[in-house]
Each structure stands twice: as structure tokens, then as C-alpha cells.
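> only geometry, no sequence info:
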């Protein structure tokens, strides 16, 4: 152990000496213990003590004696004796040490030679340092106790003042009651003079009540702000926020980081350029993210400061930065322990709401400062006692100090839907409620001309666009990325399984669902897919009990039809009686990734569909949607299953539109490559189809979907004509057009091994390969990927 040069407690110094003596008195294989062996234990005692062991001679050869068990040196007693010597200050006569060592070595098998002056010098030095450290700690403790008592007296004094003010208010109320009684009596007697006098007394009593209440509020405010003002007067260290996300997926590599950075780059550059020039809302964008639970809002906010730093690094390569590339980030949660309290009595206003949580974030990095001023350790009490006038600028000044105008601050607000007024955000009354006010406060910090440079992002479970409907504030909506790979430090996290890729795809990029899949795979690494998915569904039902509470069944069908058709839905509209933006586990994808356009498509994960279809309350009419269920993957898929899968999917795609509805070919085959381009806008009459296997149209087997009463392939009537256009589903590659179907028909070619679009020669072609699977098959894409990789033609 290295000799301690910093201040420490005397007991710790004594223990150091005791251990050193114990080391020095241990047996050695040499006649004299090398001084280096113990100098490493206690530097400065070199050559002060030498311990030797008598070596009996046997047959003229020196060897180490092995004393009997009862003769072994009791090292614990040596340590105890050494500590007792130092504790008692018995340093004048070193023979005490020798005597006490002999007490534990009565057999005399050990020799102890002591360099008395040197040892005494070192021991005195040790004790002096220990006493100095002890004295310093006692002085610090005394000072802290005095400060605590002073703060406590101030709190008690403030409390007495509050109680006095309350008594004055009660007295004023009693006077008012008495004056009102006198007035009533005077009115009953009909004496005008007494009535006027009584009325004056009532008015005076009302004023006294008003003043007493104001005085009481002032005293309460002073009592609350006492410790807060003292804390802000100190130079506080910055401390990171508590983790917004504490699940197992919090440590996974973040998917979609590059796409998000690209989305943020230009707005941050614009924000950087405008900072300090003006406070125009249209030139200072606010970042906004929203999605359903478990889809990555908290993870996005966790990654947001790093993304901002990357964007600023790119800005610095083009121009000189006005602010630091390193960020100071405040993450404000509106959920769990930090959920909003009563707005009128606890939060008071939006500025204090934000600043209070920013200050609370610093508590762990400034424990001593918080303790010295008497700041409450419980957030509920802390929130109530914070200064009424607390604002974010106070916290900035306490942390950033001289660097205030050069610093970059990131503010993230999570769980905005927890603020009162969120459901009324689009109404006129919403502007007077906390949700809108907090949004305004965040925007104020972003827009203000003075430093620091603030970049902010707010997140909620639903679209917050309407919360800024009456404001010209610039907004940048961030689409949360799907989890496409489960890795940590670029290494796979999920255990190996034959159907792992299919299972990952079926989770639909939903982070919480993938965490459930990981737990299931860890517990049952060799289980069948059906058992694994069953375990995942049990966990999801516990986490999202409302996810499957969809009734009636007609609403579920409408939701499935909207998802598989890919039709655009206006934000705020319902599908059946459901609002897809509020359904758990469902992701909505806005047009061009921009919610300001208010148009979106529904993105269903297959695991959600499986949850629905496994519920006993739904009828067998929904079973056609259970396309290629997990039991079919217990063995390797066949090529015939791939053909049947495509045919059944085509039936579902047709059922997504009304029977007889006029539909563009591009909508009917959304996600496919369509040639020539003019074919995309060709309008056809959609027909609900029946699944059937037909004979071959060529020498090789093909799969045909027949409409009811149709003579051959799928019948799709061209609008305004009576002739039939047939779609021939060809699930092989290398088939020539002339072998597939007639010239007037459409060849739908579904490929397994190539992404190269064949030349159609101006003829009608609808082409789908792996590059189009995600967009074409939607939540069934995992089945398409797995089958084409497992079943080759």
C-alpha cells in the first residue's frame, strides 16, 4: 500500500500501519527479509525493521523449519496490537511493540530487530498526519452542522412568519364576518347611519383579508426560495440526467442514426447561423418526435445530444462555430416520478416547471451543495419549495458561468402527453393550459437572441403539430427509425435460432417487442417459433393491455384493409371507429416523413396482427389474414408454399378495396415496379377474389387467382370497357413473356434471386423482387424474405 499523502481519517492510517507490521512479521524463505519486500507495503520504512527466522541445521543443510500449527504467528493479533499502540499514542518506548509482539510469539521462534529511531520517526509522522486529517474532518463536520442549524433556524423562522400571516388572515376573516353581522343588523333596524358605518367596516375587513392573504403568499414564497437562492448563488457542477430509458435495449446500437443526422443537419446549421441575430420564430426550428409506446421516443432523446454534436462538427468543417461543439444536455421528463403536479399550487407556471426539473437534474453531481443549503431530497417537496421566480436562465448561469454565451445546450422534453391540456391542444382554450405553455417556454429558450445556443426536441405519444397551430414556430419532425438489427458494439445480441431473421422482421422494428423476443430466446433458445412467439405475446399483453382491446370486429377488419392497401389517411380521421394514431404497437408513417402534411399510412407489425388473430373473441372470418402462420415454418418451406403465399396475398390486397371500386394499377400493386409508366395510372375495376389453383398457362406450372365466374386468370375489368384484363401471377424467374400470358394481359412477376428489372419491351409488366418486398408485402414481408431464401425454384 502506498503511503497516503492526502487527508484521511486516523483510523484508516492506523490500519495502514497495522497491515504494514503484519507484512513485516510474516515468515520468509530467506534468513533476512529483503527490505524491498516490505518497502512496497509502507514506503519510508525501508531498513527500519528486519525480521529473521531461525533456521535449524539438519545434516549440515539449512532449510526452512515448519512450526507446528500452535506455534504459528497470529497475524491478526499483531495487527490489533499495532493499531492499539498507535491509537493509544504509546510511541515513547518502542520496547512496548517488542513486548506485545512477544506476547503473540511465546515460543520465541521469531527474531525482531528494530531500528528504533527510524521507526519512531516514521510512526510519529504517520500519527501526525492522521491527527491532522482527523482535525480537518472534525472542523468540516462542525461547519456543516453549523450551516445546517442556521438553515434550519431560517426555515423555522420563515415557518413562524407563515403561521403568523395565516393567523392574521384568520383574524381578518373573523373581523369580516363580524362586520357583515353588524351590517345585517343595521339593515334590519333601518338605521342608515349604522348601515353606512357597517358597510365601511365590511370593506375595511375585506381589504385586511386581501392584504393578509397577499402577505401569507409572500411569506410562503420567501420560505420556499431561501435555500433555492443560496443554491443558485453557488457554482454548480453539471450532472447528467437520470436515464430516460432503462430497458435492456438501451445499450443496443442505435439504428437509423445516419438518416436522423441527415434530417437534422440543415435545420441545426440554420439555427446556428441565426442565433444571436434575432429571435424570429420562423428561423429557429424546434425538433418534434412522436410515436406509440415502445417505439423509441426516449431512446431518440437519449441519442439527441450526440446527434447535435455530430451536426455541429459538420458545420465547423464549413464555417467557424460561434458556440461549443460539446453539448450540455438537460432531459426533462413529464412521466413517472417527475409527472406534473397540481399546476395551480405546485408547478405554478411553465417557466418554473422546466427550470425546476433542470435544477433537480444537478442534484447527484452537487450533493454537498444541495445538503448545505437544505434542499429537499424528495422531488415532490423540492418542486413545491423551489423559488416562485425560478427560470431556466438561473440554472444556465449557475452551471455555465463565464461560458454562458459560448455554450451549446440541448433540451429534451419527454412524455409531453402527460401535461394537462394535451387533449385540448387544438382548441382555443388549449392555449391557456400547461401543454401549450410548456411548448411556448421551450420555444422561447430556442428563439431568444441571448446565449446559450439552445437546441430542443419534444416527444409525445401522439402528433403535437396541432399544439403549435397558432404559432409560426418553425418545426422539424423526426420520424423514429425502426430497429432493423439487434446488435451491441456491432455484435449480434439475439441468440442464434433458425427463424431469428423472420422473428426480427415480424416485430416490425418495435423496440419493446424485440426486447421481449430477446428474453424469450434467452429462456428458450431451442424452442419452436410457435412457443417463442407465444412467450413474446404474453409479455406484450402485460406491457400493453390496451393493444388488443379492439371491438367490434368490423373496426379491426377496416384497420387491416387500410394497412394492406397502403391508402393515405388524414391525421385525426378514424378508420372505422378507431384512430390509428392512438392504437398501441401501431406505427404511422407520414407522407415524405413530414407530419405537417397530415397524411399517413398505417405500418402494422406482424406480431400485432398475431396478437389480434390469437384472441378467441374474433371469428374465423379473420383467419385469411393469418397468412403463413408460424406452424408452417417448423419445417423448411416448399416452392409450392411460396406460390400459394403470393396468391393468397393477392386475394387480401383485392379485399382491401371495395368490390367494383375503380382503382389505379399503382394502388392495387403498391410497392412494385410497374412498366410502362403509363400502366401505373391505368384505372381498373377491382374485384374481390377467391383463391383457386388452375391448370398451367404454359408448359411450366403457374399459379392463377380466379375471380368468381372468371374463365381464366384474375379478371380485372378496365374502366369503361367490357373486355377482361388478366393478371397472370408468375412465381419463377427466367420465364419469357410469350410463354406466360397473352399480349393484352398483365404479367405479375415475383422474383426470388434477382433485383434486376427485366426489359418489358413496352409490354405490361408488374415486377417484384427482394428490393421491393418491404413496400409491397408490408407486414407480411418477413414471410416473403424467409421463403425466398429457404425455398429455391
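Cool, got the structure. Because the structure is a prediction, the values reported are computed rather than measured. Numbering: from 1, shown residues only.

> Ends of stretch 360-370, what's the gap?
10 Å (C-alpha to C-alpha, to the nearest Å).

> Stretch 363-376 too?
Using C-alpha to C-alpha, the two ends of stretch 363-376 sit 10 Å apart.

> Would you mark the buried spots in it?
363, 366, 369, 370, 372, 373, 374, 375, 376 (16 or more other C-beta atoms under 10 Å). C-beta: built from backbone N, CA, C; applies to glycine.

> and residue 649, how many neighbours does it have?
Residue 649 has 22 neighbours, counted by other C-beta atoms under 10 Å.

> got CSV for the buried residues of stretch 363-376, with secondary structure and distance to residue 174 too?
Below are the buried residues of stretch 363-376 laid out as CSV (DSSP: H, G, I helix; E, B strand; the rest coil; distance: C-beta to C-beta, whole Å):
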residue, secondary structure, distance to residue 174
363, coil, 43
366, helix, 46
369, helix, 44
370, helix, 41
372, helix, 42
373, helix, 38
374, coil, 35
375, coil, 37
376, coil, 34
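
> mind putting these in CSV, pLDDT included?
Below are those laid out as CSV (pLDDT from 0 to 100):
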residue, pLDDT
363, 95
366, 96
369, 93
370, 94
372, 90
373, 90
374, 89
375, 92
376, 92
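
> Which one of these is nearest to residue 300?
Nearest to residue 300 among these is residue 363, at 25.0 Å by C-beta to C-beta.

> quick one: contacts for the closest residue to the closest one other than its chain neighbours?
Excluding the flanking residues, the one nearest residue 363 by C-beta to C-beta, 6 or more residues apart in numbering is residue 370, at 5.3 Å. Residues counted as contacts of residue 370 (C-beta atoms under 8 Å, 6 or more residues apart in numbering) are 231, 363, 377.

> Buried ones in stretch 373-390, by neighbour count?
Those would be 373, 374, 375, 376, 379, 382, 383, 384, 385, 386, 387, 390, for stretch 373-390 by 16+ other C-beta under 10 Å.

> and what of stretch 623-640?
625, 627, 628, 630, 633, 637, 639.

> Contacts for stretch 653-664 next, please.
560-562, 564-565, 567, 667-669, 680-689, 719.

> Show me how to select, in PyMOL, the buried members of those.
A single PyMOL command is used to select the members of those judged buried by 16+ other C-beta under 10 Å:
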select buried, resi 560+561+562+564+565+567+667+668+669+682+684+685+686+687+689
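
> Now, the contacts of stretch 653-664 that are in strands?
683, 684, 685, 689 (DSSP state E).

> Which strand residues bridge the first one?
Partner residues in beta bridges with residue 683, using DSSP bridges, are residue 664.

> Ok, the last one next?
Legend: beta-bridge partners of residue 689 under DSSP bridges are residue 707.

> State the distance from it to residue 656.
According to C-beta to C-beta, to the nearest Å, residue 689 and residue 656 sit 11 Å apart.

> Assign a three-state SS to the closest residue to residue 312 other than its chain neighbours, would you?
Among residues not flanking residue 312 along the chain, residue 325 sits closest, at 4.7 Å (C-beta to C-beta, 6+ apart). Following DSSP: H, G, I helix; E, B strand; the rest coil, the label given to residue 325 is coil.

> and residue 325, what is it in contact with?
Contacts of residue 325 (C-beta under 8 Å, 6+ apart): 309, 312, 313, 316, 408.

> and the last one, what does it touch?
Spelled out, it's residue 408. So residue 408 contacts 308, 312, 323, 324, 325, 326, 327, 328, 452, 453, 455 (C-beta under 8 Å, 6+ apart).

> between those residues, which is closest to residue 607?
Comparing the contacts of residue 408 against residue 607 with C-beta to C-beta places residue 308 closest, at 33.2 Å.

> so which strand or helix has the closest one?
helix 297-316 (DSSP states H and E).

> Give me the contact list for that helix.
Contacts for helix 297-316 (C-beta under 8 Å, 6+ apart): 243-245, 249-250, 254, 257, 260-261, 264-265, 268-269, 272, 287, 289-291, 321, 323, 325-327, 329, 331, 408, 410, 412, 414, 455, 457, 459-461, 478, 480, 511.

> among those, which ones are buried?
Looks like those have 244-245, 249, 254, 260-261, 264-265, 268-269, 272, 287, 289-291, 321, 323, 327, 329, 331, 408, 410, 412, 414, 455, 457, 459-461, 478, 480, 511 buried, using 16+ other C-beta under 10 Å.

> out of those, which are inside helices?
260, 261, 264, 265, 268, 269, 272, 511 (DSSP state H).

> Can you give me every residue that contacts the first one?
Taking C-beta under 8 Å, 6+ apart as the contact definition, residue 260 lies against 300, 303, 307, 478, 481.

> Turn the residues you listed into JSON lines, columns for pLDDT.
Listed next are these as JSON lines, based on pLDDT from 0 to 100:
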{"residue": "300", "pLDDT": "93"}
{"residue": "303", "pLDDT": "94"}
{"residue": "307", "pLDDT": "96"}
{"residue": "478", "pLDDT": "90"}
{"residue": "481", "pLDDT": "89"}
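
> Not counting its neighbours along the chain, what's nearest residue 539?
Nearest residue to residue 539 in three dimensions, chain neighbours excluded: residue 516, at 4.1 Å (C-beta to C-beta, 6+ apart).

> On the pLDDT front, check the one you found for me.
Per-residue confidence (pLDDT) for residue 516: 90.

> Name the helix or strand for it, please.
Assessed by DSSP H and E, residue 516 sits inside helix 511-523.

> Please list the outside residues in contact with that helix.
Residues contacting helix 511-523 (C-beta under 8 Å, 6+ apart): 247-249, 293-296, 299, 483, 486, 493-495, 497, 500, 503-504, 507, 527, 532, 535-536, 539-540, 543, 585, 605, 607.

> redo that, cut-off 7 Å
Residues outside helix 511-523 that contact it (C-beta atoms under 7 Å, 6 or more residues apart in numbering): 247-249, 294-296, 299, 483, 486, 493-495, 497, 503-504, 507, 532, 535-536, 539-540, 543, 605, 607.

> from those, which ones fall inside helices?
Here DSSP H is the test, and the contacts of helix 511-523 give 299, 503, 504, 532, 535, 536, 539, 540, 543, 607 as lying in helices.

> need the contact list for the fourth one.
For residue 532, the set of contacting residues under the criterion of C-beta under 7 Å, 6+ apart consists of 503, 520, 521, 524.

> who wins for neighbours among the residues you listed?
Counting by other C-beta under 10 Å, top hit in the contacts of residue 532: residue 503 with 26 neighbours.

> And the pLDDT for that residue?
Reading off the model, residue 503 has pLDDT 88.

> just residue 552 next, same as before
74.

> and the gap between it and residue 210?
From residue 552 over to residue 210 (counting by C-beta to C-beta), the distance is 58 Å.

> do the same with residue 634
Applying C-beta to C-beta, the value for residue 634 to residue 210 is 79 Å.

> what do you get for residue 758?
Residue 758 is 86 Å from residue 210, by C-beta to C-beta.

> Give me the domain ranges for the protein.
Using automatic domain parsing, the domain ranges for the chain come out as 10-114, 154-232, 248-477, 487-625, 636-790.

> Not counting residues beside it along the chain, what's closest to residue 339?
Closest to residue 339 by C-beta to C-beta, 6+ apart is residue 418, at 5.7 Å.

> so what's that neighbour up against?
334, 335, 339, 340.

> hmm, which two among the residues you listed are most spread apart?
335 and 340 (9.5 Å).
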